[in-house]
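A.B. asks: Sequence and predicted structure, then a few things I'm wondering about:
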Amino acid sequence: MSALATSVDHALEWPVVTSFTRIGCAVRRRVARWKPLEAYDLSGRVALVTGATSGIGFAAAEALLRMGAHVIVLGRDATRTESAQRQLASRTGSERVSMVLASMDDADEVRRAADEVMAQHARLDILVHNAGALATGYQPSPMGVEVTSAAQLAGPFLLTGLLMERLAAAAPGRVISVSSGGAYLVPLTVSGLEPAPAEFDGSRQYARAKRAQITLTELWAEHTRGRSLVFQTMHPGWVDTPGLAASLPRFHGMLRPLLRSPEEGADTIAWLAAESEATQTNGAFWCDRVPRPAHRLARTRAMDTSERRARLWAWCETTSGWRLPPARVAGG
C-alpha cells in the first residue's frame, strides 16, 4: 500500500468500530484502490466452500463463481444446500456450481464428503472453511466433543487433511478459514475446547474455537512447509448475517446500520483465493486485504505458548482421527 493508505489503515485499525464495521472496508477500498474482484480470472479452478447456504459463505461462493471458478457448495441440510446451489446458478448465470452434503461435526460425514469431492473433481485449488454457528446451549457432537469445537476445528482439520494432496497438486492450493473478532478476547486453551455442560457459554466457546482456529492455521503452515500449500485465516468484520441476528440479537440490533453486507465480509476471502501476492505469506491472519496481528492483548499473546500449540495440534489429530504423515511434518 501507499504511505497514505497505510496511515489511514492504521488509524482505522485500532478503534474497533471503525475497523470492523462497513466504515473500515469502505474507506480502505477507496484509499488503497482495491483491485475489483471481477478483474481476477479463476477459470478452470475448483473451490470448495463450507457453510455456503447463506451469509458470508454464500457471498464468497457467488464471488468465486463470478470470477470463473467451479464452486462446490458444502452444506449439512439437503433442502437448504440445493436451494443455495439453484440461487447461485441463477444469480451468476453459471452452471459451474455443484454441492456436497456433510455436517462438519461428524467425522464419518466429512470423510464421505471428501471422497465425493475427489471422485467428482480431478483438481481442487481452494478450500474455504466457513461453516459453524454460535451454539446457544451445550450440544455433544458425533466426534465425542462439544459441537462448536468439532465443527470449527476437528471437522475442518479432518477435511483439510483428507484433501491435502489434491490441494497441493494445485501448486499452490489455498486453504482459507473464516474467523471472528471474538478471538481477540480469549487466550488459546485446549482444555477449554471440551467444557463441562454446566459451565458452557456459547459466546465464550465460539471465541475459544476461533482463537484456536487462528493458531491452527499457523500450525498448518509450519507442518506443511515446503509443500505447495498456503493457509490463511481472515476476519470478515462485523457482518449482517442471519447467524449474527439469531445468536447475538442485541448486538445485531444496536449496530445494524454499521454492519457490513455479506458481500463486504466475503471480499477478503475471494481476494485471498485469487491474488498471487497473497500466497507469499503463509499462516497469516487477514482483515480487509491486509495481514493483521493475531493478538491485540498482551495476556492472550503470553498464553499462546509452544506447549499449548503442540497440545492443540495433538487434540485435533486425536479428535478427528486423522494424522499428518510423519514425512510431511516440517523438518521430518
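C.D. replies: Arrived safely, thanks for sending.

A.B. asks: quick one, helices of the stretch 201-332 of the chain?
C.D. replies: 202-223, 242-247, 249-255, 262-274, 298-302, 306-320 (DSSP state H, counting those that start in this stretch).

A.B. asks: Show me what the fourth one is packed up against.
C.D. replies: In this structure, helix 262-274 packs against helix 22-31, helix 55-66, strand 126-129, strand 173-178, strand 229-234, strand 284-287, with contacts taken as 3 or more C-beta pairs under 8 Å, 6 or more residues apart in numbering; DSSP states H and E. Every C-beta, even on glycine, is put in place using the N, C-alpha and C of the backbone.

A.B. asks: Centre of the chain to that helix, how far?
C.D. replies: How far helix 262-274 lies from its chain's middle: 11 Å, per C-alpha atoms, centre = their mean, to the nearest Å.

A.B. asks: Which residues does it contact?
C.D. replies: Helix 262-274 is touched from outside by 22, 25, 34-35, 37, 40, 42, 47, 55-60, 62-64, 67, 69, 126, 128, 130, 174, 176, 178, 232, 234, 236-237, 239-241, 278, 286-289, with contacts defined as C-beta atoms under 8 Å, 6 or more residues apart in numbering.

A.B. asks: Could you identify which of the helices of the stretch 201-332 of the chain is most buried?
C.D. replies: helix 262-274 (a mean of 24; mean count of other C-beta atoms under 10 Å).

A.B. asks: Mind exporting the C-alpha coordinates of that helix to PDB?
C.D. replies: C-alpha atoms of helix 262-274 as PDB (Å, rounded to 0.1, in the frame of the first residue of the first chain):
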ATOM      1  CA  PRO A 262     -22.200 -10.300   3.300                       C
ATOM      2  CA  GLU A 263     -20.500  -9.300   0.100                       C
ATOM      3  CA  GLU A 264     -18.200  -6.900   2.000                       C
ATOM      4  CA  GLY A 265     -17.500  -9.600   4.600                       C
ATOM      5  CA  ALA A 266     -16.600 -12.100   1.900                       C
ATOM      6  CA  ASP A 267     -14.400  -9.800  -0.200                       C
ATOM      7  CA  THR A 268     -11.100 -10.800   1.500                       C
ATOM      8  CA  ILE A 269     -12.000 -14.500   1.200                       C
ATOM      9  CA  ALA A 270     -12.300 -14.200  -2.600                       C
ATOM     10  CA  TRP A 271      -9.300 -11.900  -2.800                       C
ATOM     11  CA  LEU A 272      -7.100 -14.500  -0.900                       C
ATOM     12  CA  ALA A 273      -8.400 -17.200  -3.300                       C
ATOM     13  CA  ALA A 274      -7.300 -15.200  -6.300                       C
END
